[in-house]
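Participant: Pasting a predicted model and its sequence here:
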Amino acid sequence: MAMNYNAKDEVDGGPPCAPGGTAKTRRPDNTAFKQQRLPAWQPILTAGTVLPIFFIIGLIFIPIGIGIFVTSNNIREIEIDYTGTEPSSPCNKCLSPDVTPCFCTINFTLEKSFEGNVFMYYGLSNFYQNHRRYVKSRDDSQLNGDSSALLNPSKECEPYRRNEDKPIAPCGAIANSMFNELFLIGNDSYPIPIALKKKGIAWWTDKNVKFRNPPGGDNLEERFKGTTKPVNWLKPVYMLDSDPDNNGFINEDFIVWMRTAALPTFRKLYRLIERKSDLHPTLPAGRYSLNVTYNYPVHYFDGRKRMILSTISWMGGKNPFLGIAYIAVGSISFLLGVVLLVINHKYRNSSNTADITI
Amino acid sequence: YVGHREPPPGAEAYIPQRYPDNRIVSSKYTFWNFIPKNLFEQFRRVANFYFLIIFLVQLIIDTPTSPVTSGLPLFFVITVTAIKQGYEDWLRHKADNAMNQCPVHFIQHGKLVRKQSRKLRVGDIVMVKEDETFPCDLIFLSSNRGDGTCHVTTASLDGESSHKTHYAVQDTKGFHTEEDIGGLHATIECEQPQPDLYKFVGRINVYSDLNDPVVRPLGSENLLLRGATLKNTEKIFGVAIYTGMETKMALNYQSKSQKRSAVEKSMNAFLIVYLCILISKALINTVLKYVWQSEPFRDEPWYNQKTESERQRNLFLKAFTDFLAFMVLFNYIIPVSMYVTVEMQKFLGSYFITWDEDMFDEETGEGPLVNTSDLNEELGQVEYIFTDKTGTLTENNMEFKECCIEGHVYVPHVICNGQVLPESSGIDMIDSSPSVNGREREELFFRALCLCHTVQVKDDDSVDGPRKSPDGGKSCVYISSSPDEVALVEGVQRLGFTYLRLKDNYMEILNRENHIERFELLEILSFDSVRRRMSVIVKSATGEIYLFCKGADSSIFPRVIEGKVDQIRARVERNAVEGLRTLCVAYKRLIQEEYEGICKLLQAAKVALQDREKKLAEAYEQIEKDLTLLGATAVEDRLQEKAADTIEALQKAGIKVWVLTGDKMETAAATCYACKLFRRNTQLLELTTKRIEEQSLHDVLFELSKTVLRHSGSLTRDNLSGLSADMQDYGLIIDGAALSLIMKPREDGSSGNYRELFLEICRSCSAVLCCRMAPLQKAQIVKLIKFSKEHPITLAIGDGANDVSMILEAHVGIGVIGKEGRQAARNSDYAIPKFKHLKKMLLVHGHFYYIRISELVQYFFYKNVCFIFPQFLYQFFCGFSQQTLYDTAYLTLYNISFTSLPILLYSLMEQHVGIDVLKRDPTLYRYHPPNSLS
């Protein structure tokens, strides 16, 4: 009768003969990855961990904020709006297109002296350099010195592509609307205008990589032969400056303009006023005058024009927001810490669960 | 036409029909149509189509971003998907080629020819040797065995590894050589190809030289299916009847309808919301643009003039292109790579199930299988589980416990250490010893058990020592598709009657005195789940003809006219309460004339081409009546290990567990108590046929609902005051007949009432047991719950072929890789070796997948809003000119790599709660963080 039991055993316990008879075990590997046992950590937020974090954030952020705020406040900055839409403004006369060229002088006073290098900007408002039609309207290969693109600019440049059957160099709306006013700053107590440095205001990559003059001989005019100046320009591109290293497409004023601004109110670097010696401030406090060669109309589109003088620090230009933001976050965090500490202290004993798990 | 191309003389007019060749094509694409067809399939997906449109818009009109920025990600996504699908298809091609080119032996004009399998045509005669698989569906003509049988295993078709016997056509089984077969003239009529593996009706006309054609019925026992393997038989001849894509295997390949997960649906809802946001953003900007531009100095300042053609364009056209341009600008709000990332996450994530060591079963060497990875996260949301009882909750490992003959109870001998005490006669009498008459009945009963089955004997000559029985008798292993039968035959063997084999239609039995008794097997009235019984008609050596019938008590008792019905019924009910499976045995002595009548009846039904099943059932109905009750058997089915533990955990997790079984109420209820589905304090509500007979269905339903609802009113109060210890929960028991009454649409069409009421009751019960269920009813129940008001996620788990319909119906179908074959596992979405693995599958894996996928999807939408909203705000500062805020490369890569890879890794690894914690505390299953999708 033993056979019965064995026969039963065969039916019950024996593995069903798998097709192919694979003897290889299909048991999965016992590895941490496959069994989902990789080491893990999960923050559990309790009063014991949250409160110190609030206080630490508060204690770290408030001093940083104060530091930044003070630095920002030490930066000297002055903005002079010379649009001239107000009748009292000296530049008011220049609004009519008949007066060319038009010069106007604006007087201003520096309350405190400007130390270190001073940066001179021009600022425009309501000028949509970020409009898509405007942004597209350029030919990068032409600006990079490509001779075929020079004579046959990209279609993107329309309607500033050709003028009088000649290709425009540089083509496009951006180049055509280049800012072309001239500033001079004079000190009342000193007759000679302050020296303004033209070079060093553009990005190195723009000046040396993106922008190149077309190939050819020494004579820049020769190299631009067959092209015409943009409609609104007074001079062709090869006469932007006398310095051959700052002329043509690699003129730094031009390069700065071609890097379009992201917002309709923007400022662009115009000149540098370099510090002469450690002893004297670059611009001592006192009365100054700004001479503007006024030929850039902005009042058609409600624009404003400004001239800005500013020093810089390790954190860039004047920016009180960052410091205030740090101080605000730090204070709120500290305050929350105090409130939670009070709550925790008051209610810890009333409830059994001391740890507030979230 | 067998063996010959032209019809034999005298055959009726022949309508030519086109048969496919024997090429199996499971691949979707060919080399040529891959690109167009695959592209077409991919662009049917809404998101892909959307990006294609955006891409085309960018090509046509002047847009802020170049076509590359949206074309490249789209190209990337399409390429990745195409490569994946192409690779899968290439594998299918390779498999197809291997299949189509394997050599096959043909008989042509009496000679043996070897050909490639794909050149096989309908009507060709094929020779198959042992251990070869059949190249197409064949009608079994003859084998080298004298009795015209062959053994076949269909392991690759339905997973049943048992050998099945197939029978050759009576008139052709004499042809043993190629020449004989070559000379055969016959025609075969059969039904159109259909995918049911176990059904086939046909008719063969054999033309002898002179006589009229002989008509023979063909059934599934004559049909050898493609994919099955020939066993224990040296070679057979068969005629190809279905070839290529018409074979039953190929027809079964057709993929089942795709289930979509709820998260995917909510993902689509999100997409639509985002599309609305996108369109409204674009509209707002377009309108604002024209408002802002109404002053000419803004529209066209001196520094930024338009071209002539731009000025002349139609205003509406301009507005429309502006709208499209804004659409293009903001189109990144719809994450292009989301589908790919989600699919990758699901695909890779599903490996964690197959890799899970805890879900690997040592005994069978099987791990879990993932058939679809689309439903991973559904595992974390299941609200209803529908489980089969046999083989799922229980082991399906039957053991013969006792039998009851004429009210006397016999218990087979207790097995001690695998040895049955040899000197005993094998029976312990519990009741008084039977009279002489009883003795006769007893022997008849055992003979009935020995004869009335479809068990096969597998000769075990190869096995060694211990398997040989002491008396030198042949050891054998019984194989059957039903484990009950094996248990019964083995049980009877222990009682002294050994079933030896079926040989030439004679069943041989070794009786207690070691004499071999031979019975001629005349007919088998095979088992089906509707009749719930089977019968055999045998002729004993003395020439007496018996009909033995074995089946469920409910189907036997009404047909009994004699015998100690009451005693046996009492015993059966007692056994059922103990959780044993009971079967009743009855017999009828037939006289020759009766038998001939039966033969005629059966023959007529079997030859019928149409409605054969119905006619057969009617014939069976007529034959199986006026029986004499012999006795009943009880077979124990042990619970699977940790089944109770698992069910308890699942119930704690807030999942409602329903047991759907074909067993009778008492048995099923006992199992439910054993596995803690019902607890001691559970108040059982019965909705059974018996009660409905007493009262009307209407009253019963209302009464039940009143009980339940009154209670649930107090339940909520209980919950408020915390969990009261004596909180009572309800268990509902319903049987198939009552259910069909509820489901049946009433004349006035207000069936909804009953259904609603029934659902209401069910919802308030913690556990529901549905017994006496037909497979289709199981699916019906699942459907009923699936489409009820709350649209809960349902999960069905089962192991047998009768569970397939509910597995396919439920949101998630889980197959238990069990003994009843692999059909359930093949049709399921996930297959696990044991029921207990369901716990980890749902509570751990399901939970993780749900959390992971919801965070993944939400992150995708979140990051794109973060990405695009500044872009939207920027339009206010750039004159609504569609200027982009970001660089082109950033726009392109943001979606396809910068933000999709980190979250993919996160969504594969994230475990917000440890595995052990989830296993320990099932209630966490219901707790989803408030930010998950639902």
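Facilitator: Here it is on my side, so go on.
Participant: tell me the contacts of whatever residue of chain A ends up closest to chain B?
Facilitator: Nearest residue of chain A to chain B (Cβ to the nearest Cβ) works out as residue A:177 at 3.4 Å. From N, CA and C alone the C-beta is placed, and that goes for glycine too. Going by Cβ atoms under 8 Å, 6 or more residues apart in numbering or on different chains, residue A:177 touches A:232, B:302-304.
Participant: Buried ones among those?
Facilitator: In terms of neighbour count (16 or more other Cβ atoms under 10 Å in any protein chain shown), the buried residues within the contacts of residue A:177 are A:232, B:303-304.
Participant: State the helix or strand in which the residue most central in space within chain B lies.
Facilitator: Centroid-nearest residue in chain B, with Cα atoms, centre = their mean: residue B:804, separated by 2.7 Å. Taking DSSP states H and E as the definition, residue B:804 sits inside helix B:804-809.
Participant: can you list the domains in chain B?
Facilitator: Domain assignment of chain B by the TED database yields the ranges B:120-252, B:369-394+B:640-710+B:729-743+B:753-843, B:398-460+B:476-637.
Participant: Of all those domains, which one is nearest chain A?
Facilitator: Nearest to chain A, of all the domains of chain B, is domain B:398-460+B:476-637, at 3.9 Å by Cβ to the nearest Cβ.
Participant: Without its sequence neighbours, what residue ends up closest to the residue nearest to the centre of chain B?
Facilitator: Excluding its sequence neighbours, the residue lying closest to residue B:804 (Cβ to Cβ, 6 or more residues apart in numbering or on different chains) is residue B:827, at 4.8 Å.
Participant: and that neighbour, what does it touch?
Facilitator: Going by Cβ under 8 Å, 6+ apart, the list of residues near residue B:827 reads B:256, B:804, B:807-808, B:813, B:815.
Participant: C-terminal to the host helix or strand of residue B:205, which secondary structure element comes first?
Facilitator: Taking DSSP H and E as the criterion, residue B:205 maps to strand B:202-207. The helix or strand immediately downstream of strand B:202-207 is strand B:214-218, counting by DSSP H and E.
Participant: and that next one, what does it pack onto?
Facilitator: strand B:202-207, helix B:592-607 (3 or more Cβ pairs under 8 Å, 6 or more residues apart in numbering or on different chains; DSSP states H and E).
Participant: Please, where are all the helices along the stretch 651-800 of chain B?
Facilitator: In the stretch 651-800 of chain B, the helices defined using DSSP state H, counting those that start in this stretch lie at B:665-674, B:689-694, B:697-720, B:736-743, B:751-764, B:775-786.
Participant: Do me a favour and average the pLDDT over stretch B:686-705.
Facilitator: Stretch B:686-705 carries an average pLDDT of 68.
Participant: Hmm, I typed the wrong one, I wanted stretch B:172-184.
Facilitator: 69.
Participant: give me the residue from chain B nearest chain A.
Facilitator: For chain B, Cβ to the nearest Cβ, closest residue to chain A: residue B:303, 3.4 Å.
Participant: per-residue confidence at that residue?
Facilitator: 86.
Participant: wouldn't it be in contact with residue A:133 here?
Facilitator: No: using Cβ atoms under 8 Å, residue B:303 is not in contact with residue A:133; the gap is 10.7 Å.
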